[in-house]
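Enquirer: For reference, the sequence and a predicted model appear below.
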Amino acid sequence: MDQGTPGELAGRHILLGITGGIAAYKTPDLVRKLRGAGADVCVVTSAGAQQFVSSTALQAVSGRAVRHSLWDEAAEAAMGHIELARWADTVLIAPATANCIAKLARGQADDLLTTLCLATTAALVVAPAMNVRMWQHPATQSNVALLAERGAHLLGPAEGEQACGEYGPGRMVEPADICKALTSIDPGQAVLGPHATDPADNSLAGVNVLITAGPTREPIDPVRYISNRSSGKQGYALATEAARMGATVTLVSGPTALPVPPGVKRIDVLSAQDMLTAVESQLDQTDLFIGVAAVADYRVAAVANEKIKKTASTRDGITLDLVTNPDIIATVAATAGGPITVGFAAETHKGLEHARGKLERKGLDMIALNDVSDQRIGFSSDANALTILWSDGEQQVPMQTKAAIARSLLSKVVELFNPRLSVRSPTP
Ligand code: CTP
């Protein structure tokens, strides 16, 4: 068993909650890696977890007695559950079953682990593992979204072959990756804050934010168009979080199935040219522009006024002439006295190289790289992972829901560009 990189988690107090999934068999290895990286680990198992992994093994690798009951007098006398909740700076639940996630979302406290989760102010990190259909069930998805909204960090699930014989998302993220992800999660980030849900986080108060989201639709004739698979979810999540952080937000949106986020003004558009016109109409009063839209690079040169019919001349195929669309974000970045500009780069290969190229070529202040070759963070997914790049730095944002990703990205914008944002929009 490999150990984690020494020192990476030095001084951290990790309470590892294990629930009843087959991936629990990997947890002794996870404990070894966490301890190898310097963390102090205390293990709490649910009743289901005890069917999959032995307390003896977990005690041997963690160096501490494994806790499993609220009613264990000897354990409570040594360190009561409230004391344990205070001791932890991070509660990591791996694997987290659908049932455990549902209980956390409801705030239920019917065993030691769920009680600790309510009693702690530590960061909550959840690594789900379950059958693919259980993961995709709307109940699980809305429970996960609720947890993320409260500030929980979600790791995975990973996609692949499952113990039940099915294939898809539902595998627990590998212990080495969990260990690595913990190094970039701030300890002590409480489930109920201090994320954007914390009313005290007003770091975008007085800032006018303009966001493009969704796909564009380029007409061919009155009934057909060229478009792409963008769902708009990441752009809408950014609009929602920016508004929660006190910004005045305008969302220029291509066609999506998503509702208007609370407190956000939405301008609906179809084509890239319409999107540019709408953006330009708002530029005067914009301090921060975030281009998340998947803008079609080309449009049909001559859109037919009538539906194109199959005739003798078109039966064997037709050729569409495409012309290049305007680059919206590059236009914004080139505007004298324009806003801070943040772009997105969806890449399948050589991501860092392409993203940095776009940052420089388009004259942006920051760009967020999305590796769209990773099936788990696809276009319609609720999860995402990013690498944020700016002129002289970069930062990984581990896999989380799109809402949590939005908060991380906006916090980074505030951290790097706050002086420029404040000069543009002095706080009254
Ligand atoms: N973008 C834009 N207008 C365009 C094309 C892209 O505003 N006509 C913005 C996107 O909203 C995103 C960034 O530019 O913020 C990068 O988009 P992407 O499609 O990845 O880049 P392209 O310049 O189209 O490069 P390529 O298609 O070669 O990857």
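Expert: Thanks, I have the structure now.
Enquirer: which residue sits closest to the closest residue to the ligand within the stretch 101-250 of the chain in space, ignoring its chain neighbours?
Expert: Closest approach of the stretch 101-250 of the chain to the ligand (CB to the nearest ligand atom) occurs at residue 212, with a separation of 5.8 Å. Glycine gets a C-beta too; all of them are placed from N, C-alpha and C. Of all residues not flanking residue 212 in the chain, residue 293 sits nearest, at 3.7 Å (CB to CB, 6 or more residues apart in numbering).
Enquirer: just the strands in the stretch 1-150 of the chain please.
Expert: Using DSSP state E, counting those that start in this stretch, the strands of the stretch 1-150 of the chain run over residues 13-18, 40-45, 90-96, 123-128.
Enquirer: got it, and the stretch 151-300 of the chain?
Expert: Going by DSSP E, counting those that start in this stretch, the stretch 151-300 of the chain shows strands at 153-154, 158-161, 167-171, 208-213, 218-221, 224-226, 248-253, 265-268, 288-291, 298-300.
Enquirer: Which elements pack onto the second one?
Expert: Think strand 158-161. strand 167-171 (3 or more CB pairs under 8 Å, 6 or more residues apart in numbering; DSSP states H and E).
Enquirer: If we use 10 Å, what do you get?
Expert: Here strand 158-161 touches helix 132-136, strand 167-171, going by 3 or more CB pairs under 10 Å, 6 or more residues apart in numbering; DSSP states H and E.
Enquirer: May I have the first one exported as PDB, CA atoms only?
Expert: These are the backbone C-alpha positions of helix 132-136, laid out as PDB (Å, rounded to 0.1, in the frame of the first residue of the first chain):
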ATOM      1  CA  VAL A 132     -25.200   4.100 -11.300                       C
ATOM      2  CA  ARG A 133     -29.000   4.300 -11.300                       C
ATOM      3  CA  MET A 134     -29.100   5.200  -7.600                       C
ATOM      4  CA  TRP A 135     -26.600   8.000  -8.300                       C
ATOM      5  CA  GLN A 136     -28.600   9.300 -11.200                       C
END
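Enquirer: Now for residue 22: which residues touch it?
Expert: With contact set as CB atoms under 10 Å, 6 or more residues apart in numbering, residue 22 has these partners: 51-53, 95, 129-130, 162-164, 171-172.
Enquirer: Relative to residue 180, how far out is it?
Expert: Shown here: residue 22 relative to residue 180, a distance of 23 Å by CB to CB, to the nearest Å.
Enquirer: Over to residue 129?
Expert: 18 Å.
Enquirer: Tell me which of those two has more neighbours.
Expert: Applying other CB atoms under 10 Å to residue 129 and residue 180 shows that residue 129 carries more neighbours, namely 27 against 20.
Enquirer: Would you check that the more buried one makes contact with residue 99?
Expert: No. Between residue 129 and residue 99 there is no contact under CB atoms under 10 Å: 11.8 Å.
Enquirer: Same question for the helix or strand bottoming out on mean pLDDT in the chain: list its buried residues.
Expert: One helix or strand of the chain scores below all others by mean pLDDT, DSSP states H and E: helix 73-78, with a mean of 74. By 16 or more other CB atoms under 10 Å, the buried positions in helix 73-78 come out as 75-76.
Enquirer: quick one, what contacts residue 412?
Expert: Shown in contact with residue 412 (CB under 10 Å, 6+ apart): 342, 366, 368, 386, 388, 390, 393, 395, 397.
Enquirer: I'd like to know how far it sits from the ligand.
Expert: 16 Å (CB to the nearest ligand atom, to the nearest Å).
Enquirer: same question, residue 278
Expert: Distance from residue 278 to the ligand, by CB to the nearest ligand atom: 12 Å.
Enquirer: do you know how far that residue is from residue 286?
Expert: 12 Å.
Enquirer: can you list residues touching both of the two?
Expert: Contacts common to residue 278 and residue 286, judged by CB under 10 Å, 6+ apart, are 210, 250.
Enquirer: more neighbours, those two?
Expert: Per other CB under 10 Å, whichever of residue 278 and residue 286 has more neighbours is residue 286, with 23 against 18.
Enquirer: how close does the more buried one get to residue 257?
Expert: Residue 286 sits 26 Å away from residue 257, taking CB to CB as the criterion.
Enquirer: picking that back up, columns mean neighbour count, mean pLDDT and distance to the ligand on top of the strands of the stretch 1-150 of the chain, output as JSON lines?
Expert: JSON lines is the format used below for the strands of the stretch 1-150 of the chain (neighbours: other CB atoms under 10 Å; pLDDT from 0 to 100; distance: least, CB to the nearest ligand atom, whole Å):
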{"stretch": "strand 13-18", "mean neighbour count": "26", "mean pLDDT": "97", "distance to the ligand": "37"}
{"stretch": "strand 40-45", "mean neighbour count": "24", "mean pLDDT": "96", "distance to the ligand": "41"}
{"stretch": "strand 90-96", "mean neighbour count": "28", "mean pLDDT": "97", "distance to the ligand": "33"}
{"stretch": "strand 123-128", "mean neighbour count": "26", "mean pLDDT": "94", "distance to the ligand": "29"}
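Enquirer: mind putting these in CSV, distance to residue 406 included?
Expert: As requested, the strands of the stretch 1-150 of the chain are exported to CSV (distance: least, CB to CB, whole Å):
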stretch, distance to residue 406
strand 13-18, 26
strand 40-45, 31
strand 90-96, 22
strand 123-128, 18
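Enquirer: got any ranges where this protein has weak pLDDT?
Expert: 1-5, 78, 188-200, 375-382, 422-428 (pLDDT under 70).
Enquirer: near the ligand, which residues of it?
Expert: Contact residues (CB under 6 Å from any ligand atom) of the chain with the ligand: 212, 272, 291, 293, 295, 297, 325, 327-329, 343-346, 358.
Enquirer: what do you get if the cut-off is 5 Å, keeping everything else the same?
Expert: 291, 293, 295, 297, 325, 327-329, 343-345 (CB under 5 Å from any ligand atom).
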